[in-house]
Every structure is written in C-alpha cells, then in structure tokens.
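K.L.:
Dropping the sequence and predicted coords here.
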Amino acid sequence: MVNFLDYIWMIPLFPLCGAAFMLIFGKMIDPQPHSHVALADGVGDDHHAHGHDDHHHHAAATQFLVRIISPGVILLSFIFSLGAVIQLASKAEKVHQVIQYTWLAGLPFHMQDGRIGIFTADWGFLLDPLSSVMILVITGIGFLIHVYATAYMAHDTGYYRFFGYLNLFVFFMLMLVLANNYTLLFVGWEGVGLCSYLLIGFYFHKKSAGDAGKKAFIVNRIGDAGFILGMLLLFSVLGTLRFTDVNHALTNFHIEDGHFGVLSCAALLLFVGATGKSAQVPLYVWLPDAMEGPTPVSALIHAATMVTAGVYMIARSNALFKLTPETSAIVAIIGALTAIFAASIALVQNDIKRVLAYSTVSQLGYMFMALGVGAYWVAVFHLYTHAFFKALLFLGSGSVIHAMSGEQDMRKMGGLKSKIKVTYLTMAIGSIAIAGIPGFAGFFSKDEILWQTWSSPLGSKAIYVVGLTTAFMTAFYMWRLMFMTFYGECRADEHTKKHIHESPVAMTGVLSALAVGSVLAGWLGVPKLWHMPEVFSTFEQWLEPVFASEAAHEAVHEASHDTSMEWTLMFLSVGLAVTAISLAYRFYVQRPSIPESIRQSSGPLYTALLNKWYVDEIYDFLFVNGLCKGGGTLLGSFDRNVVDGGVNGVGWLTKFISKVSMWWDTWIVDGLVRLVSLIVKLSSYPVRILQTGSTQSYALVFVLGIVAIFGYYVTR
Amino acid sequence: MDAIFFYIFALITLAGAVMTITRSNAVHSALWLIFSLLGVAGLFLLQKAEFLFAVQIVLYIGGIMLLFLFVIMLVNLDDAAKQRQFNKQWPLAIACVAGVGAEVAWFLRKGVGMLPPPVIGPAPTVGNTEMIADVLFKDYLLPFEVASILLLVAVVGSVIMAKKRI
Amino acid sequence: MGPITTMHYLVLSSALLLVGAIGVLTRRNIVVILMSIELILNSVNINLVAFSRHWNQVHGQVFAIFMITLAVAEAAVGLGILIALFRNKETVLADEVDLLKW
C-alpha cells in the first residue's frame, strides 16, 4: 500500500510535469493547423461561429497526445490527493507536515521586541483538513474542467499552449494550498496570478483580451503588496512564518505582550491581499474583464479555485483574525458590501458570462462575510459547494455559447430548452443550487452563512439583512438568466438558429457530473437543526482541528441556541428565493414588457447599474489618468524644469563665466599689452622726429653731444 | 719775421676755409680749398716740417684736390649751383658750433698756463726727412704697413663704388 | 705781437676746425661737405705739427703723415660713394638723400 502521505509532494509535481511537457514539446506534438480564428475581434470565443466539422477530425489527430496527457496528470494528482486524504483521516492528529528543503535558512532579522529572528522559508508541504478539502476541490473539479476543455478548445490554435498554462495553473494552485508557510503560499499566490494573466490573454490577437490580462495582473499586484507587508509584519512580531508555529504562537498569545496594533495591521494587510486575489471591493474590477478568456478558464480559475485563494489564506490565518475582532469586522463589512454591490450589477447585465462573473464576486462576498463573523468552516463549506455549481454554470454557459455559434448576448437567445436539453437541465440544477433551494448544495452553505451572520457574537443584524437581500437578488438574476436563455421564443437570427446543437459528450458528461455534485455536495454540512445523523455534518467536524477554538465556541453557542429563530430565518430565506424565482418568471417569460417599463422609469439607476456603477471609469480617472499619467506629467515637468533646468543652469553659468573671462582677457590682460604698445607708440612720436634720414642732422647731433661732453668738463 | 709769416699763412688758411664753405660753385669751393691748403703747407714750413710741407702740396693738393676736381667735373653740378646752398638746420648748427667754440676757447684759456715750456734741444744733425724716415720705419713700421693696406682697401672700395655695374 | 707760441697754432687749428664743422653741418652740396671734412683734418694736422715742434720730436709729424694717408683714403671712397649716389639719385644734395627718414 503506497503511503500517499509521504508522497504529497508529488501532487503538485504531476501538473508541473504536464505543463513543462506541453510548453516545451507542445509545438512538436501539435503542429498548428491553419485556423480561421486568428484575428477575431467580435464577442468572446467566436471560433465557434464558423463551421467546425471539417476541422474536427483533422484537429483531433494532432491534439490526441495533449488530450491524454493534460487531464491525465490532473487525474493522477486527484488520485494521490484522495489517497493522502484518506490516510490523513486515519491519523490521530490530523496534520501531516513534510519539509522537503529549507531555503533561505538563517537570514537574521530584527523583530519588534528587539529579538533577532531568523528568517527561514521552507519548501515544505502541510496536509491538514483544510488543505485536504482544497486539494480535492482543485484536482477533482480541475480534472473535470480539463476534460471539458479538450472538447471546447478543439478548434483553437494554441491548443497545447492552453493546456500547458492550465496545468501550470493547477501546479501553482496546489503549491498555494499545500504550502506550510506564508512564503511558499505567496509563491503559489503569485504563480496563479501569472497563469491567470496568461490565460485571460490567451486570445492575444484581441486587444481587449490583452488589456483584460494586464488589468487582472496589475490589480492583483496591488493586493500582493498588501500581502507582502502583512506577511513581513507578522514575521516581525512572531519570528516565524510556518503555519503550525504561527498558529501555535497566536493561540497562546497574551495581550499584555503588546503588539496588538501591529497584529491588527498585519491582519488588515493580509486581507488587502485577499481583496485583490478574491475580487472584493475595491479590487474586484478585474474579474468581469477576465471573461475575455476562454470559458474553461473562467470556470476553473475565476469560479472554482483561484479566486478562492484569498478565502483559503484567511481561513489559514484564522488564529490571527480571531485575535483581532476589529479586522474581522472589516472583513465582514467588505464581504457584505461586495455581495450586494456585485449582485446589483448582475441584475441588468446582458452578457451571459458577465452575469456569472458578478455572481462569482457576490458569492465570494458571502464567503468573506462568513470569515468576518468567525464562521470559518462555513466559509470553506460555501467555497466547496460554490466550486461545484459555479463551475457547472460557467461550463454550461460555454455550452450555450457553443450552441449559439459564439453569441453571448442573452437578448439574442431564448427558447433553447428543447434544443439543448442536457445543457438546460444541468444549468437548471446549478441555478436552483445557487438560489438556495433546500436539498441542493447552495442552500446548506448559504443558509448557514446567513444564520451565522445573525447569531454569531461577531455578526450583526445589518450584515444579515444585506446577506438576505443579496440572496433574493441572486435568485432573481440567476433565474432571469435561465428564463432569458432557455425559455420563450428564440430571438437569434436564422443562420444561428440553424446551427444550434448539443455539445459533444466530453462537455455534457462533465456538466452532468458537476450537476450531481451540485446536488449532493451540500449534504455534508446539514444544519444541526435538522437533527440528522452525524455523517451529514462531516464537513464541520472534519475542519474542527483547524479552527481550533471553534469547538469551544460552538459549545458556548449551542447553549444559547435560539432554534426557533433559526427555523424562522431558514423559512424566510427559502421563501424569498422562491419569490425571486417566480418574479423572474413573471418578468421574463410571461410579461416581458414589465422589465422594459421598469427600465424606462428608473432611467438613471438602470444606466448606473448597466455601467457597473461607473467604477471602472472612476478608477481610470483617478489612478490611470490621474496618478499614472498625471504623475508622469509631473515627473516629466520636474525632469524638464528642475533636472534639465539644473543642467541648463550649469551651462548658463559656464557661458557666463566664460564671458567674464573673455572680458578679463580682452580688457585687462590684452589691455596691459596694448597699454605697453600704446606707450611705445606715444613715445615714438617725439622720438621719430630725430630720424630725418639726413646725415647732416645726425652730424648735428654729434656736435650736440660734443657740446654736452665738453660742457661736463667745463662745469667740473 | 716769424710772426708776420705766421699771420699771413694763418690768414690764407682761414680765409680760404671760409670761402670754401660759402661758395655755391663747387669748382670755386675746390679752388679756395687749394688756397687754404697752401696756407697750411706754409704753416708746416714755418714749423720746420719740410717733409710734411712737400707731402702736403704733392699729396693733398696734387692728389686729393685734383681728385675732387675730376669728380666735380664728372658730376654735373650746374643744377646744384642754382639750388639753395645752406640747409634748414644752419641756425642750430651755427649755434652748436659756437657753443663748441666757446667751450674750446674756455679750455684754451684754462690750459694756457699748464702747458710745459717748449723743449729746446740741440740743432738736429740730420735733415727732417731723414728723421721722419728714421722714426717711421723703426717705431711705426706696423702702422705704416697697416696704412698701406688701408690704401689698398680704399682703392678697391672706391673703384667698386664708382663702377656702373659690379 | 709777441713771439708765436704753440698756443697761437692751437687757436688757429681750433678756428679751422670750427669753420670746417660749420661747413659739414651747414652745406647741402655733398662735395663741399667732403671738402669741409678735409679742412677739419688739416686743422688736426696743424695741431700735430705744432706740438711736434713743441716737444722737439718728430712723432707728431709722422702721425700727420698717417693722417694725410687717411684723408686720401677717405676722400677717394667718399667721392666714389658720391658718384654712385649721383648715378642713382641724380642729386648731390645731402637733403635729398633721406630714404631713412621715418
């Protein structure tokens, strides 16, 4: 029996090998057939627009190896993860740490209280309940999405490149969740950001895709700055970055040791990092634009895994956040704000993927709300269920787009439910799940979040109300999507209508698998209220060791449990969900004129929502134009006037000095010389007269001389 | 007797000199110079310098003055005779020379008492010419030879100076 | 009139010198200037001979011979120069030979 626990380092290794193989040898095994798609600049992945039947066979042959290897390595990782988790479950203390190699050992570092800490960063892996949930989600759903993508991306150039990047992404994500210290987590953090950029900008021929990739990377970077600062601040207090040591130090933390403000700061900065990666207000702006990437990318990265990295990181740092209730409150508030903000925008979007993107942002807001009120296991539970149904919804939308030959605008869809049955059914299941109908996955996790916001000591009624409203809006916009897409009359043009067809088995099979998951996944976290057997509460128990004091917390909580309140709130949320669905039905199926009239009457509000509350424009104005261009102008004028002015000034000074020197030279130095010559000239006038040229006058001078000489002797 | 001859010869000399320097006609000047030189020769004779008397007449008058006359003939001085004879500096010149004269007079005045009395020796046994020859060729042989070279140089020089094309 | 002493001769020679000097300095005609120079030389000869008589030696006369030799040489060369000058400048007036005038 293989001891999978010893081989957890191989879990990220498989996708890395896959990526390396793809990116290095890809061109050789998959020489690109000439594709018609190169310079599309229309709506999203419109390679489906052209008849692809003739390409199918040709492409399939060369892409065979890629199709086998790429999902294959993910499957291997999944198997190893499963094995490791099963073995972990049988261990007494459910934590297994493997330190491969200590890198950067022994860098001395001044700590807050004057001690010298030693900065070490290990290349080490930590498998505990939390990371086990994450690796199963990543590899499991990742594998399904890889299979889906083998069919979805079949007509694209760069097939091997896509899978190379996708494998690379899975590698980095696994590094992120398996890391045993903050620095290695950060390596994974950065790596997924990189892969996100590469994959969003996959259709690099389109300017919008390139811009979206850049936006994602840059906004992420802002968050990363916060993350690094938080990480280092934490180190300066605790002297270590290993999770086990950090959590140990923090749980035994004594307030009178001081550093409380520093810890709050560190927590807040880490949260800033999470804000960037997990698309919370104000750094969520990259996620809707990231829909420029292919649909499998949206499903894997921007629904199931990468955006949940922030949630994971904060869950991992739960000891820190438990110590700093103010920061937790901020987390909850931001989460709530994000949830309702994004949901409001999603109400009026017309692009099918945009609705799902804002929905993701909104659901992430839910997860942060849960983290903020101290219900860490609930957040992870919602992460887990959300992965299923959001991936399902994205892949389903991909299937719809595929059927509609590249059309993404819902206003041009309709009446598809009889034509693409499997897609319709699976998406319906996903939508019911996200709306929070009992029995499906989303209900259990979302309801638990709402209950926690109401009842937790860290929660507040206001946050509950926000959460409830968002739930209503979520159900509404999801079923608006469903009704507009599948019901009513088909509003597409004739050409598109003729081509509507169901997707290949690879895609529909995955959709079905995820639909099953969306139903069953939630049954691991049934509320205690229902008094069901223990097995249905596995999730909470499983994560208990990680969120250590949770047990004690819950125990206290149980005593004052207001069961009737919980039933009331449960019925309230379900009732609202049903109301929302029926309202959507009325608006979009029965009386399509109603939304139209609402749009007319609430003109400015509608425009604001349609334009995403103008956030992008504000950012553009403030930061892009204001800070960057303005800063550029400022620095430019500084450079021109001060720096160049200094240089010019030196030049002017030199010229001036040279002028003075010239004046000196001309008038003083030359003047002296000319003075001498002037004296000679002036004195020559009288002397000149003596040169008569006449010898007799010279003789006269003789005689004069004689007179003088004799005169001397006479007078002596 | 001596005195009368002295004064006569002195008069000839001085009168001739004055006339020399004042005539406009160059030939007249030359002739008056000859007249003056004759006076000088006479003075030599009075001083018992017979050889010099002869040399003066033969050489000076017969040589130099003849040379002068030849050159005057060669050079056409008719135009020169019609020109102004005295140059512009003559007042200053006369003043200076008068000054020199005054000073010389003063020296003579002062020195007249300092002159030792003349040396009266025994009557010479040999003639003046013999005495001169005796001194000239014994004590002054070198100057004699140098003088001959000087004459050679003068001859060559004057020939070259006077040639039309060297 | 007292006896003719050497002083008389000295005075005479001085007077002759002065006359000659005047001639040199005053006359424009170069020939006359040369003749005036001869006068000066003669005055010197008179002086020499007077003193030779005074000292009852013959050295003064010998010197006078050399003086005459010199006078000959100088007159010859001077007249040669005059001829060359006349050939070039067509004038025998000293005033007109002033090429070295400033």
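P.N.:
Right, received. Where do you want to start? Numbers count the residues shown, from 1 in each chain, chains lettered A, B, ... in the order given.
K.L.:
now A:Asp122, what's its secondary structure?
P.N.:
Each residue gets one of three states, and A:Asp122 gets strand by DSSP: H, G, I helix; E, B strand; the rest coil.
K.L.:
How many residues are close by A:Glu190?
P.N.:
Neighbours of A:Glu190 under the rule other CB atoms under 10 Å in any protein chain shown: 17. (Each C-beta comes from the backbone N, C-alpha and C, glycine too.)
K.L.:
Return the residues in contact with the closest residue to it other than its chain neighbours.
P.N.:
The spatially closest residue to A:Glu190, leaving aside those adjacent along the chain, is A:Asp224, at 6.8 Å (CB to CB, 6 or more residues apart in numbering or on different chains). Going by CB atoms under 8 Å, 6 or more residues apart in numbering or on different chains, A:Asp224 touches A:186, A:189-190, A:193, A:273, A:276.
K.L.:
run the last query once more with 7 Å
P.N.:
A:190, A:273, A:276 (CB atoms under 7 Å, 6 or more residues apart in numbering or on different chains).
K.L.:
Mind checking which of these are in helices?
P.N.:
Members of the contacts of A:Asp224 lying in helices (criterion: DSSP state H): A:190, A:273, A:276.
K.L.:
Quickly name whichever of those is closest to chain C.
P.N.:
Using CB to the nearest CB, A:Glu190 comes nearest to chain C of the ones in helices among the contacts of A:Asp224, at 98.1 Å.
K.L.:
residues in chain A within reach of chain B, list them.
P.N.:
By the rule CB under 7 Å from any CB of the partner chain, the part of chain A lying against chain B is A:696-697, A:700, A:703-704, A:706-707, A:710-711, A:714.
K.L.:
Of all the residues in chain B, which one is nearest chain A?
P.N.:
Taking CB to the nearest CB, chain B has B:Glu103 as its residue nearest chain A, at 4.0 Å.
K.L.:
Next one, pLDDT for that residue please.
P.N.:
Each residue has a pLDDT score; the one for B:Glu103 is 94.
K.L.:
Spatially nearest residue to it (excluding sequence neighbours)?
P.N.:
B:Glu103 sits nearest to A:Phe710 (CB to CB, 6+ apart), 4.0 Å away.
K.L.:
List the buried residues of the host helix or strand of that neighbour.
P.N.:
Under the criterion of DSSP states H and E, A:Phe710 resides in helix A:695-715. Of the residues in helix A:695-715, A:695-697, A:699-700, A:703-704, A:706-707, A:710 count as buried by neighbour count, 16 or more other CB atoms under 10 Å in any protein chain shown.
K.L.:
re earlier: turn the residues of chain A next to chain B into CSV, columns for pLDDT.
P.N.:
CSV is the format used below for the residues of chain A next to chain B (pLDDT from 0 to 100):
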residue, pLDDT
A:Gln696, 88
A:Ser697, 88
A:Leu700, 92
A:Val703, 93
A:Leu704, 93
A:Ile706, 93
A:Val707, 93
A:Phe710, 92
A:Gly711, 92
A:Val714, 88
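K.L.:
Run a quick check on A:Leu450 versus A:Met570, I expect a contact.
P.N.:
No: using CB atoms under 7 Å, A:Leu450 is not in contact with A:Met570; the gap is 8.4 Å.
K.L.:
Among those two, which residue is more densely surrounded?
P.N.:
Remark: of A:Leu450 and A:Met570, A:Leu450 carries more neighbours, 28 against 20, as counted by other CB under 10 Å.
K.L.:
what residues are up against that one?
P.N.:
A:464, A:467-468, A:471, A:569, A:573.
K.L.:
returning to what we had before: so what does the helix holding A:Phe710 touch, helix or strand wise?
P.N.:
Helices and strands touching helix A:695-715, by 3 or more CB pairs under 7 Å, 6 or more residues apart in numbering or on different chains; DSSP states H and E, are helix B:90-111, helix C:6-26.
K.L.:
Out of the contacts of A:Asp224, which is nearest to chain B?
P.N.:
A:Glu190 (109.4 Å).
K.L.:
and stretch C:56-68, average pLDDT?
P.N.:
Rounded mean pLDDT across stretch C:56-68 is 93.
K.L.:
Ok, stretch B:28-42 next?
P.N.:
95.
K.L.:
Does chain C have contacts with that stretch?
P.N.:
Yes: interface with chain C: stretch B:28-42 contributes B:29-30, B:33, B:36-37, B:40 (CB under 7 Å from any CB).
K.L.:
quick one: which of the residues you listed sit in strands?
P.N.:
Among these, the subset assigned to strands under DSSP state E is empty.
K.L.:
OK, contacts around the residue positioned nearest the centre of chain B?
P.N.:
Nearest residue to the geometric centre of chain B (CA atoms, centre = their mean): B:Leu37, 6.3 Å. B:Leu37 makes contacts with B:56, B:60-61, B:65, C:42, as judged by CB under 7 Å, 6+ apart.
K.L.:
Low-confidence bits of chain A, can you list those?
P.N.:
Across chain A, the ranges flagged by pLDDT under 70 are A:1-2, A:29-62, A:92-115, A:253-259, A:527-538, A:544-546, A:548-562, A:591-592.
K.L.:
Regarding the closest residue to chain C within chain A, what is its secondary structure?
P.N.:
Here the residue of chain A nearest chain C is A:Gly693; by CB to the nearest CB that distance is 3.1 Å. With three-state DSSP as the basis, A:Gly693 sits in coil.
K.L.:
was I right about it contacting C:Leu100?
P.N.:
Yes: between A:Gly693 and C:Leu100 there is a contact under CB under 7 Å: 4.2 Å.
K.L.:
out of those two, which sits in the more crowded spot?
P.N.:
A count of neighbours by other CB under 10 Å puts A:Gly693 above the other of A:Gly693 and C:Leu100, at 14 against 11.
K.L.:
can you pull the contacts of that one?
P.N.:
Counting by CB under 7 Å, 6+ apart, A:Gly693 has contacts C:98-101.
K.L.:
Go again with 8 Å.
P.N.:
Contacts of A:Gly693 (CB under 8 Å, 6+ apart): C:97-102.
K.L.:
Repeat that for A:Leu198.
P.N.:
By CB under 8 Å, 6+ apart, the residues touching A:Leu198 are A:165, A:168, A:213.
K.L.:
ok, and for the lowest-mean-pLDDT helix or strand in chain B, which residues are buried?
P.N.:
Taking mean pLDDT, DSSP states H and E as the measure, chain B has helix B:78-82 as its least confident helix or strand, at a mean of 79. By neighbour count on 16+ other CB under 10 Å, the buried set for helix B:78-82 is B:Ala80.
K.L.:
go on, stretch A:499-506?
P.N.:
A:499-500, A:502-504, A:506.
K.L.:
contact partners of that stretch?
P.N.:
Residues contacting stretch A:499-506 (CB under 8 Å, 6+ apart): A:147-148, A:150-152, A:399, A:402-405, A:416, A:419-423, A:490, A:492, A:508.
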